[in-house]
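In: Predicted model, plus sequence, below.
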Amino acid sequence: MSLRERFLWVILATYCLASHAQETPAADPSAAAPSANDLTKGSGSEAKPADAVSVVSFQASRAASTNSSLVFRPPFPQVSAITFCAWLRFRHFTPFNDRVASYFTEWDEDLAIWNDWINKEFVLNVLDLRLKLNFTVPLYTWTHIFASVDALTLEHHFLVNNQDVPGKLVLGSEKKPLRPIAAGGLMVLGQDQDSPGGGYAVTQAFSGDMAELLLFDKLFTKKDTKETFNCYENVLGGEEPLLSTNRLEQWDFVGDVEVFDVPRDHLDPTQKNNFFILPERRYFVDSLKLCTILGLPMAVPKSESENEELFQMAVEVESICLSAYSTNVWIGGFGNLTNKQWERTDNKEPLEYQYFDASYALVTEEFQCISMGSSLYPLFWYSTACSKQTPCTACDNNPVNSIKVRGLCKESHFDRELHIHDTVNLKPIFHGTYYSKLWWDNTTWVMASRLLPDLEARMIINDPEDYPIGLRQWRITGDECPAGEVDLLLTVCGEESFPCNDGTCVHMSQRCDLRAHCDDGSDEMKCDKVFVGTDYEKTLPPPPPETEDVLNVTLSVIITAVRTLNLLDQAVTLDVQLMSQWEDSRLKYADLQPEQYRNQVQDADRLWQPELITMDDTGSRVDVVTRGSSLVVIRDAPPLPSDDTRVTKAVVFPGLGNPLLLRQELSITFQCQFDLRWFPFDNQKCSLSFRLNDVESKLVSMIASKTIYLGPEKLPEYKVRRVTLRKLEESDGQELTVVFTNLFLYYLANSYLPSFLLVVISYSTFYFRLEDFNERIMVSITAMLVLVALFQQTSSTILKTTYLKLIDVWYMNKDKIKVPLECSCWHWATARNILRYGIYMSEQSEDDRRNYPVDQLVGDIYPALTGQWNKANALFKPPVLNGKVAITPKLKVVWHQAVMFSFGKGKLDAKEWFMVKLDELFYLICVITNCGEEGCEGCVNQAHINCFCSREKKIPVKELAYIKGQEEKVGSIGPYQMGGPDLSEHKRRRRQWIGRRWKVRQSKGNGARWKILQRERRQPRRILRDFWQMVMRIWNWRGGAED
């Protein structure tokens, strides 16, 4: 048949079907179309086929009621073991439990069988024993339950659909003694008894069908069920049940109960309608989207029988669905252009079953979709253009999820979960888990309750082809919620998905990520992270935690740069990131992400935020320029349970445990009182304080977290040495302190060194001959003028102060420069001091001087000599001083030499040598630095020792090896000790003395002039030595000074 002839046949068939549809009377909107599972009903008295099974339907009218039950007529005997087996098909569940059977004796309910939908358990309760099957019973599907238990031995066995399932036997809390089930009670099916034959509750009534419910008075083991007894296959092995729904004459039918017969092969867990056909013509993409939002895959027959079933269903709606080229319904396959194969649209797997017309089976770029032909071309599939034909949509009856209803108030009586099952008026019915039902009444979608007749919701229709999935407007009456028009969102999206307004789903991580993933862009709408209640007051700080008296605000400061440091204006500008963190239990947050930048709060001004007052160290307000501000939420605590009262889905987090973080980028300009007395070897400390106002400070406490400096360490004139953040003692605030250290190398190279060279040049004129006096004057005056010019140049570039700076003192009087060291060389005793102290001690003695022994005198001198040493000695391990045995002999030698030379004894040159040594240190070290007072960095001990004294005063070589061995234990240079003679130094001095004696002998009469020349020649060396000492003292002092 040619394509033209085929097209003519399609037109003719369409015309005939349309004429037939016009002759068919319209269906009554109020009457529901018969279900595919509904069979002919009867009372049970009519003859039935041999393979038929009687099905008892509870709440047959679909209305929730306590007036629907079966009551067992014969007396119930005493039993100690129970075996229950039955085919069950639930239409609805109840909020508590669905009571299948209840046996009530004179005192209590000895036997109860129910399904617990909430906890996903099927329970057989015998006396005080409870058998729990961990199994989720499905809706609208036949399920076979087998449970056997012995109340005395506690032996038990479970089967579901003839398969072992996990279960457990639980003893009741009352610990009653084991006993048989008493006789003479009342057995009721479909209701829960709180008293014999009464106390029914609609929230525990069974809604569904039962078939072949059997109860035996013995235990059947796993071996029995495999060999001789099998309820599932109706193999009873000759066992006679206590009761059975197959014997209808044993039962009284109460209320809304019906009985009908079905073939035994219909009692099958897999028995169902495999497809839904939606009677609207759509393009392929729209059909795929419609099936997806209903939670159904597109229809793909997997066998010949399924293909025939789909074809028969499609023929019933052919008059509505027939499209061009005799295409009737879409099939959920798609052509892969790469491998030229047909694949499923849901999982991209190759089709298991195909029934293509040989002429229309190829995958091409134009024909990538599949449709099923009309009744003129039965069962065949055809490759079809996806965007040209518009047949109807066919979906598989395999729901991937139930349908959730969002937007109902908490008090609403509508179900919040719907399940698609069956059709009415050619469109699907959505049944609630408990009592609701949603269907198409040929005018709109209606949701009603089988429990409350007055409860109803009607969808406001914009397009007759719209389905209730997605965001729709509804008009609700008879509910506890305020009546009127409300927005409801019906969605099949799971817990990890976000429902778009059109019913499609995207992952929750794609919500509010600044990129639209929903077709309607609804995932980027209403992205505010904060839920603010109507009673929220932004002027009040959040309440503190239960364990605290005040709210804690954690403050962190990050200095990104020192923008300016102006000595002349005494002003500093810092670029600061100020971060305040606190918790607000009054708030709730939506869809928090692990990344902070995705949790930014919109319209942050409506929330309480700590308003910090920033002041400098004088207490004055500072200039603050806000360059940026953001408020984010830090995700630390888990989310709250899902809240379906909100139309827009959100993962809600509590305010407690998820802190707010206020990040402010500020430029702060403030006055810093520079102390330039030691300029250019100065350290400057500049401080800022952050505190709350007086009212909030009573309710809020600031806690320092961290302080970081990210900018360059070295600035043009200073370097950033230290940044600290500490709590203010006088108020509840934090103080930020930045310590700057002067980069003095510039001044050393441009001021100190040139001026020192000028002094050396001036001093060198003393070596000119006396006859060249004019040259001496000219060189000295020139050096002085240059020095004055250098001083003026230096003074013009630094801050003018009323006090003298160190650099000013250098230019004015270099001989009087003192460096503020805690200890210096001049603080220690010389030999002259020791002799004077010895004379003083001898004068204080009551005895005659001649009776004042030297040993006693030395013993009295020793404590005073080592007083400071003993104080410092406690700071070192091991001790750095020699003992009394090593020091007292040296004292004796000095004393004896002084006595000998005072009586005119000894050689003249030895006396001269002794006189020179009188004003030198007596074998003592030069400097002891106390780390706690000097603020040294990196010291592991409380003190260390430095030596900046002249070479004559250095430690003896003998003890150098010992000192070096103690360096790591003491820190710094090492513990300098008193000790024996310095051999190398002694030899050098000895050679100098011999040379000096030779020169004196040569000069003879010119002895006085020779001494003057010797002193003059030693002056340059002493100047260099003193300058180097001063530089080293400044270096070590500024390293440990605080400011």
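Out: Received the coordinates, thanks. Numbering: from 1, shown residues only.
In: Report the buried residues of stretch 603-618.
Out: 607, 608, 609, 610, 612, 614, 615, 616, 617 (16 or more other C-beta atoms under 10 Å). To be clear about C-beta, it is placed using only N, CA and C from the backbone, and glycine gets the same treatment.
In: ignore the last one, stretch 479-495
Out: 479, 481, 486, 488, 489, 490, 491, 492, 493.
In: Pick the one among these closest to residue 336.
Out: residue 492 (26.8 Å; C-beta to C-beta).
In: And that closest one, its phi and psi?
Out: When read as degrees, to the nearest 10, the backbone of residue 492 gives phi -100, psi 10.
In: so who does it touch?
Out: Contacts for residue 492 (C-beta atoms under 8 Å, 6 or more residues apart in numbering) come out as 293, 294, 295, 399, 400, 401, 402, 403, 404, 469, 503, 505.
In: ok, so what distance separates the nearest residue to it once chain neighbours are set aside from residue 395?
Out: Once flanking residues are discounted, residue 492 sits nearest to residue 295: 3.4 Å by C-beta to C-beta, 6 or more residues apart in numbering. As judged by C-beta to C-beta, to the nearest Å, residue 295 and residue 395 stand 9 Å apart.
In: Those two: who's more crowded?
Out: Applying other C-beta atoms under 10 Å to residue 295 and residue 395 shows that residue 395 carries more neighbours, namely 26 against 22.
In: The nearest residue to residue 279 once chain neighbours are set aside: how many residues sit nearby?
Out: Spatial nearest neighbour of residue 279, excluding adjacent residues (C-beta to C-beta, 6+ apart): residue 426 at 4.5 Å. By the measure other C-beta under 10 Å, the count of residues near residue 426 is 18.
In: pLDDT score assigned to residue 426?
Out: pLDDT recorded at residue 426 is 92.
In: give me every residue that touches it.
Out: Contacts for residue 426 (C-beta under 8 Å, 6+ apart) come out as 33, 277, 279, 317, 320.
In: TSV for those, including neighbour count and secondary structure?
Out: Converted to TSV, these look like this (neighbours: other C-beta atoms under 10 Å; DSSP: H, G, I helix; E, B strand; the rest coil):
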residue	neighbour count	secondary structure
33	16	coil
277	25	strand
279	17	strand
317	19	coil
320	17	helix
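In: quick one: which of those is nearest to residue 350?
Out: residue 277 (24.6 Å).
In: Please give me every residue in contact with that closest one.
Out: With C-beta under 8 Å, 6+ apart, residue 277 has these contacts: 299, 313, 314, 316, 317, 321, 329, 392, 393, 394, 395, 426.
In: Give me the phi and psi for the last one.
Out: Meaning residue 426. phi 70, psi 0.
In: And it, how close does it get to residue 772?
Out: 130 Å.
In: Any idea how many residues pack against the closest residue to residue 640 other than its chain neighbours?
Out: Distances taken as C-beta to C-beta, 6+ apart place residue 652 nearest to residue 640, at 4.8 Å, with adjacent residues excluded. Using other C-beta under 10 Å, residue 652 is surrounded by 17 other residues.
In: for residue 652, which residues make a bridge with it?
Out: Judged by DSSP bridges, the bridge partners of residue 652 are residue 590.
In: can you pull the contacts of it?
Out: Contacts of residue 652 (C-beta under 8 Å, 6+ apart): 531, 588, 589, 590, 639, 640, 642, 643.
In: Restricted to strands, list the residues you listed.
Out: Taking DSSP state E, the ones among the contacts of residue 652 that sit in strands are 531, 588, 589, 590.
In: With distance to residue 72 and pLDDT as added columns, please give the contacts of residue 492 in JSON lines.
Out: JSON lines is the format used below for the contacts of residue 492 (distance: C-beta to C-beta, whole Å; pLDDT from 0 to 100):
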{"residue": "293", "distance to residue 72": "47", "pLDDT": "95"}
{"residue": "294", "distance to residue 72": "43", "pLDDT": "95"}
{"residue": "295", "distance to residue 72": "41", "pLDDT": "94"}
{"residue": "399", "distance to residue 72": "37", "pLDDT": "91"}
{"residue": "400", "distance to residue 72": "42", "pLDDT": "89"}
{"residue": "401", "distance to residue 72": "40", "pLDDT": "90"}
{"residue": "402", "distance to residue 72": "35", "pLDDT": "92"}
{"residue": "403", "distance to residue 72": "39", "pLDDT": "95"}
{"residue": "404", "distance to residue 72": "40", "pLDDT": "95"}
{"residue": "469", "distance to residue 72": "45", "pLDDT": "95"}
{"residue": "503", "distance to residue 72": "48", "pLDDT": "94"}
{"residue": "505", "distance to residue 72": "49", "pLDDT": "94"}
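In: What is the nearest of these to residue 388?
Out: Of all the contacts of residue 492, the one with the least separation from residue 388 (C-beta to C-beta) is residue 293, at 23.5 Å.
In: State the distance from the closest one to residue 500.
Out: The value you get for residue 293 to residue 500, if C-beta to C-beta is used, is 9 Å.
In: Any idea how many residues pack against residue 782?
Out: Residues near residue 782, counting by other C-beta under 10 Å, number 13.
In: tell me the secondary structure for it?
Out: Recorded secondary structure, residue 782: helix (DSSP: H, G, I helix; E, B strand; the rest coil).
In: And the one 10 residues further on, by the same measure?
Out: Using three-state DSSP, the structure places residue 792 in helix.
In: all helices for the stretch 1-150 of the chain, in order.
Out: Ranges of helices in the stretch 1-150 of the chain, per DSSP state H, counting those that start in this stretch, are 3-23.
In: Please read the previous query as pertaining to the stretch 601-750 of the chain.
Out: 745-747.
In: Quick one: distance of stretch 598-608 to the chain centre.
Out: 19 Å (C-alpha atoms, centre = their mean, to the nearest Å).
In: First-to-last residue distance for it?
Out: Using C-alpha to C-alpha, to the nearest Å, the end-to-end distance of stretch 598-608 comes to 21 Å.
In: pLDDT of that stretch, averaged?
Out: 89.
In: which outside residues touch it?
Out: 512-513, 527-530, 532, 538-542, 584, 587, 589, 592-593, 629-635, 660, 662.
In: Could you rerun that using 7 Å?
Out: 513, 528-530, 532, 538, 540-542, 584, 592-593, 630-633, 635 (C-beta atoms under 7 Å, 6 or more residues apart in numbering).
In: Quick check: strands, which of those residues are part of them?
Out: Members of the contacts of stretch 598-608 lying in strands (criterion: DSSP E): 530, 630, 631, 632, 633.
In: I am finished for the moment; much appreciated.
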